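Novice: one predicted model, sequence on top.
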Amino acid sequence: MGYYTAFDLEIENEYEINAYAKTVEILTDRGVIGHALTKGLECSGSVKWYKHEVDMKALSLQIKDALYKLSGDGEEKGDQWVKYFKNGKMQTCKAITTYPKFDKNKLE
């Protein structure tokens, strides 16, 4: 069994021309490309990538000052998040679902 998540990765500030190529090379060596992500850093389907935080922290240490945004959409309802990685550190932002208040003028 296991828990499946769909992942997407973006480089927020491509400060260096080779950041994309280096990212693909490093993630290929770590077994991420072809498993969780395509070479375009897009979702390759829902997968089990339990050590995504370890892999992404290591990547962000190797390509200094690049800001990575990893989005995840888990199999459980409401399990959506974004994690930012830079220089070996991580910030987690979980999705917050809100609903507008009732407005009688919107009744149809």
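Specialist: Yep, it's here.
Novice: helix, strand, or coil at residue 49?
Specialist: Per DSSP: H, G, I helix; E, B strand; the rest coil, the secondary structure class of residue 49 is coil.
Novice: tell me the contacts of it?
Specialist: 5, 7, 32, 35-36, 55 (CB atoms under 8 Å, 6 or more residues apart in numbering). Glycine gets a C-beta too; all of them are placed from N, C-alpha and C.
Novice: count of residues packed around residue 52?
Specialist: Summarising burial for residue 52: neighbours were counted as other CB atoms under 10 Å, giving 20.
Novice: and it, how close does it get to residue 32?
Specialist: 8 Å (CB to CB, to the nearest Å).
Novice: again with residue 103
Specialist: Residue 103 is 46 Å from residue 32, where distance means CB to CB.
Novice: so, low pLDDT: which residues of this structure?
Specialist: 14-18 (pLDDT under 70).
Novice: now do the strands in it.
Specialist: If DSSP state E is used as the criterion, the strands of the chain fall at 5-11, 68-74, 80-86, 89-94.
Novice: all good on my end, thank you.
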